[in-house]
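[1] Quick check, what structure comes out for this input:
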Amino acid sequence: MKNTMKATAVVGLASLALFAFAMLGRYEARMSGEGGKGKAKMQSKQKRGEYQAEFEVEGENMLSDASYWINVDGQSFLVNTNAFGSFEFSARYSSPDHPNIEGGTPINITNGAGDVVMQGVFQQR
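    Numbering: from 1, shown residues only. Predicted structure coming up:
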């Protein structure tokens, strides 16, 4: 029984490590739609034993001085465009507690009424 528990724990930890390793990397999405165009990027890595990730989204050709929502992996982030109708959003993480982005993950930008103004899909780079 004791050896079975050790083996199960080792297999479980190895599976967790492989999952975490598989999520490391760079993913990008090009977005387009009637309300503008943009791009999104998620990059994560292990550096000196510490986890680092950065999530960036840019939009342009949108309504000026307007509020929009970035929607990805069940999470939403509020952004506001400038007088030129563009925005830049960036978030940094030191733990895996961030949107789970991998190849095929959809992303969209919605306006205040909830209408999708642009959308895209992440691909691994």
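[2] which element follows the helix or strand of the chain with the lowest mean pLDDT toward the C-terminus?
    In the chain, no helix or strand scores lower on mean pLDDT, DSSP states H and E than helix 2-23, which sits at a mean of 43. In the C-terminal direction, the helix or strand that comes right after helix 2-23 (DSSP states H and E) is strand 25-33.
[3] which secondary structure elements does that following strand contact?
    The contact analysis (3 or more CB pairs under 8 Å, 6 or more residues apart in numbering; DSSP states H and E) places strand 25-33 against strand 36-47, strand 106-111, strand 116-121, strand 123-124. (Glycine included, C-beta is placed from N, CA and C.)
[4] Name the residues that touch that strand?
    37-45, 59, 101-103, 105, 107-109, 116-125 (CB atoms under 8 Å, 6 or more residues apart in numbering).
[5] Write the ChimeraX selection for whichever of the residues you listed are buried.
    Buried residues within the contacts of strand 25-33, as defined by 16 or more other CB atoms under 10 Å, are selected in ChimeraX through the command that follows:
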select :37,38,39,40,41,42,43,44,59,101,105,107,108,109,117,118,119,120,122
